[in-house]
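# Requesting a structural model of the entry that follows:
(chains A, B and C)
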Amino acid sequence: RRGEMAKSTQLIDNEVFRAFATYAAIVLLKMMLMSLVTAYFRFTRKAFTNPEDVATFGKGEAAKKYLRTDPDVERARRGHLNDLENIVPFVGIGLLYALSGPELSSALLHFRIFTGARILHTFAYLIPLPQPGRGLSWAIGYIVTFSMAYNVLKAVWLL
Amino acid sequence: RRGEMAKSTQLIDNEVFRAFATYAAIVLLKMMLMSLVTAYFRFTRKAFTNPEDVATFGKGEAAKKYLRTDPDVERARRGHLNDLENIVPFVGIGLLYALSGPELSSALLHFRIFTGARILHTFAYLIPLPQPGRGLSWAIGYIVTFSMAYNVLKAVWLL
Amino acid sequence: RRGEMAKSTQLIDNEVFRAFATYAAIVLLKMMLMSLVTAYFRFTRKAFTNPEDVATFGKGEAAKKYLRTDPDVERARRGHLNDLENIVPFVGIGLLYALSGPELSSALLHFRIFTGARILHTFAYLIPLPQPGRGLSWAIGYIVTFSMAYNVLKAVWLL
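I've put the predicted structure just below:
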């Protein structure tokens, strides 16, 4: 089996795939951090959704008042959902793109601009920065993903 | 390095994988378009969520009245979330399925029915069509994804 | 073409990749089941969101009273969204991890703990179990995904 395994893990020896693995891991970790941001605001603002989450604050009305929404919690949740809507297509299309044989320099350009744009987007959402800060950072990531999808479809159809 | 790269990009030479890349890119792009549909309704209905998004409409109460929900915006957002719930499993399970060595004809059948069903689902949600239009298009995509998962587990366990 | 196809599907012959395919399919199917749980509560609690979904209950006010939120429906939806936020990064990072050449035993440990933790999380959310039941099951899955991401970045940067 050793030989087969060595063969199948060759993907990781490909420079473009290695670049993809790095940036995909970074943006997925960044997306996961939104859970901690939301949890941080839930605990500091004392704003929860599930009755079982506030049981430690006492019984009845004493605890019920913490079952509420908070602007900072909702903002973090919107940032998290926006990440799901944008980082998931990046990872899916980016994987196909990395496997479609692009030039390393083009691939790095796509991956790095997307990653930078999404990190900016998170700061723009959480601080928050005045518009069009968040809008532009969102649009840049969006266009990069479309560009990769265009390259995937071109590579697949020209073969 | 040229040799290694040529080896690792062979995946894209596989006909089933090429079919997967095509349809996965199409449904992911379709999912991304939901962001533009939501943005279109936000701007035409003037219904926003973040205070910084309405700052250009003036100060204080003049702008605050645009911080509201709108039925069309919420409908587009529900369609987008439904895409995340269904297209993401398709891409994940579909990739494993494409790598499990299915017949090209079976694979194309799965990919095409799913893609058609999800495009129908979007129209059924946004128009909206009377039920069971949306329900059926959702169910078809759901069953196709289960069928691919069944084939993945069968291929993995029989090897 | 036969020869090439045989080559490209070798990934499925890799034991670590086969383990990944099994557990990724299981957690993605588990995530998909949340749609059925939500639908079950919508129909038994008669709580819907879209006007076209309640048209069969009659016209006007008779049907409108079923356009409402229900605590059980909302709970199932929160569980589903939490799955998206956690299972999607697992599948993305897990794929990169499986391709980074880990030991089979380490890989199985990661995949099995994550899968067990997410199944527990669903029960903890739906029953619901008292905290920290849900919190702990969430944290275990979260830490496993971070551990895989750490291994991916280590493998990529050490090559």
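
# remind me which residues of chain A are low pLDDT?
Of all residues in chain A, those with pLDDT under 70 make up the ranges A:1-9, A:159.

# ok, which residues in it are in contact with chain B?
Within chain A, the positions near chain B by C-beta under 8 Å from any C-beta of the partner chain are A:10-11, A:13-17, A:75, A:78, A:84-86, A:88-89, A:92-93, A:95-96, A:99-101, A:128-131, A:134, A:142, A:145-146, A:149, A:152-153, A:155-157, A:159. Just so you know, the C-beta spots here come from the backbone N, C-alpha and C atoms, and that holds for glycine as well.

# Going through those, which ones are buried?
A:10-11, A:13-17, A:75, A:84-86, A:88-89, A:92-93, A:95-96, A:99-101, A:128-129, A:134, A:142, A:145, A:149, A:152-153, A:155-156 (16 or more other C-beta atoms under 10 Å in any protein chain shown).

# re earlier: tell me, which of the residues of chain A next to chain B make contact with chain C?
Among the residues of chain A next to chain B, chain C is touched by A:11, A:13, A:17, A:84, A:88, A:95 when using C-beta under 8 Å from any C-beta.

# Just the ones of the residues of chain A next to chain B in helices?
In this view, those that belong to helices under DSSP state H are A:15-17, A:75, A:78, A:84-86, A:88-89, A:92-93, A:95-96, A:99, A:134, A:142, A:145-146, A:149, A:152-153, A:155-157.

# Can you give me every residue that contacts A:Trp157?
Each residue near A:Trp157 by C-beta atoms under 8 Å, 6 or more residues apart in numbering or on different chains is listed here: B:Thr22.

# And for A:Ala117?
So A:Ala117 contacts A:137-138, A:140-141, A:144 (C-beta under 8 Å, 6+ apart).

# out of those residues, who's nearest B:Phe48?
A:Trp138 (14.2 Å; C-beta to C-beta).

# Mind telling me what element the residue nearest to the closest one when sequence neighbours are not counted is part of?
Leaving out its chain neighbours, the residue that sits closest to A:Trp138 by C-beta to C-beta, 6 or more residues apart in numbering or on different chains is A:His121, at 5.6 Å. In the assignment (DSSP states H and E), A:His121 maps to helix A:104-126.

# That helix: how far from the chain's middle?
Taking C-alpha atoms, centre = their mean, to the nearest Å, one finds the center of helix A:104-126 at 10 Å from the center of the full chain.

# and it, which residues are buried?
In helix A:104-126, counting by 16+ other C-beta under 10 Å, buried: A:107-108, A:110-111, A:114-115, A:117-118, A:120-122, A:124-126.

# if we can go back for a sec, using CSV, lay out the ones next to chain C among the residues of chain A next to chain B together with distance to B:Val37.
Listed next are these as CSV, based on distance: C-beta to C-beta, whole Å:
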residue, distance to B:Val37
A:Leu11, 36
A:Asp13, 41
A:Phe17, 33
A:Leu84, 17
A:Val88, 17
A:Leu95, 25
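
# Quickly check these for the two that are furthest apart.
Farthest apart among those by C-beta to C-beta are A:Asp13 and A:Leu84. That separation is 31.0 Å.
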